[in-house]
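Visitor: I need the structure of the sequence given here:
(one chain, ligands or ions: 1)
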Amino acid sequence: MLHVDAVTCIKQERCLFEDLSFTLKSGEIMQLEGPNGAGKTSLLRILAGFAEPMQGQVKFNQQCIGRNYDEYAENVLFIGHKTGVNTALNALENCQFWLNTHGLESGLDLYEVLADLGLVGLEDVPVRQLSAGQQRRVALARLWLNRAPLWLLDEPFTAVDKKGVQLLQQRFAEHLASGGAILLTSHQDLTTHFDKLIKLQLEYRI
Ligand SMILES: Nc1ncnc2c1ncn2[C@@H]1O[C@H](COP(=O)(O)OP(=O)(O)OP(=O)(O)O)[C@@H](O)[C@H]1O
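Guide: Numbers count the residues shown, from 1 in each chain. So this is what the prediction gives:
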């Protein structure tokens with residue numbers, strides 16, 4: 001699904017990674033590990049097409065992602081540190097917005113999705129009035145609303161409690177079983193066993 005070919009990234013005259021190559025196939029989950037500043041977010045942003053690598057290529061289904069970016073964007077779900085949630089809107093309105101912008105009629109009961117995420121009774125509260133973990137849960141509702149096969153998730157468990165982490169990993173398993181692929185950064189180990197878990201370590205280079 002995703003093919004990273006000899007990618008190099010330099011920021012502020014520091015080489016974060018050089019000649020990095022790997023493949024992520026359907027059904028596989030990759031955890032990017034490494035110390036703060038190693039370049040995990042920088043790599044995810046390159047894979048999402050938000051930043052250009054200094055050298056190398058990123059291919060999705062054999063095609064360079066820049067070649068038909070709009071098509072690629074439909075196939076990838078990126079959830080970064082900035083969650084993309086409109087905090088002036090409530091959880092339900094955010095979900096409706098995501099469904100509308102992706103042109104999806106999911107047929108899902110949004111109240112049910114938000115209930116699964118532990119947001120019962122909070123659907124109508126502006127997101128800015130929710131706790132950090134609850135705001136993160138609203139952002140992660142996109143994992144239930146999106147049909148993109150490739151998920152790029154930057155620290156998805158930040159501020160999420162243990163039960164929430166379990167729920168997310170359950171969702172990951174469903175996504176992988178239906179042919180999706182996931183690349184995530186996380187400073188904590190996954191607690192669910194995934195048969196096809198690949199770990200990629202980025203070192204802090206000086
Ligand atoms: N917007 C930016 N402008 C310039 N340099 C940046 C920018 N963002 C990050 N960097 C540089 O790139 C390096 C790698 O940052 P990055 O966010 O990719 O690391 P990370 O491995 O995701 O770290 P963390 O674990 O803290 O999230 C940083 O040390 C910083 O010097």
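Visitor: the residue nearest to the spatial centre of the chain in helix, strand or coil?
Guide: Using C-alpha atoms, centre = their mean, the residue of the chain that lies closest to the mean C-alpha position is Leu153, 2.1 Å off. Following DSSP: H, G, I helix; E, B strand; the rest coil, the label given to Leu153 is strand.
Visitor: which parts of this structure sit against the ligand?
Guide: By C-beta under 6 Å from any ligand atom, the part of the chain that sits against the ligand consists of Lys11, Gln12, Leu16, Gly34, Asn36, Gly37, Ala38, Gly39, Lys40, Thr41, Ser42. Just so you know, the C-beta spots here come from the backbone N, C-alpha and C atoms, and that holds for glycine as well.
Visitor: mind checking which of those are in helices?
Guide: Among the residues of the chain next to the ligand, the members found in helices (DSSP state H) are Lys40, Thr41, Ser42.
Visitor: would you turn those into a markdown table with neighbour count?
Guide: As requested, these are arranged in a markdown table below (neighbours: other C-beta atoms under 10 Å):
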| residue | neighbour count |
| --- | --- |
| Lys40 | 24 |
| Thr41 | 17 |
| Ser42 | 19 |
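Visitor: where does this protein dip in pLDDT?
Guide: For the chain, the stretches with pLDDT under 70 are 103, 105-106.
Visitor: now the helices for the protein?
Guide: Taking DSSP H to define them, one finds helices in the chain at 40-48, 69-75, 91-101, 110-116, 132-140, 142-145, 162-177.
Visitor: all set now, cheers.
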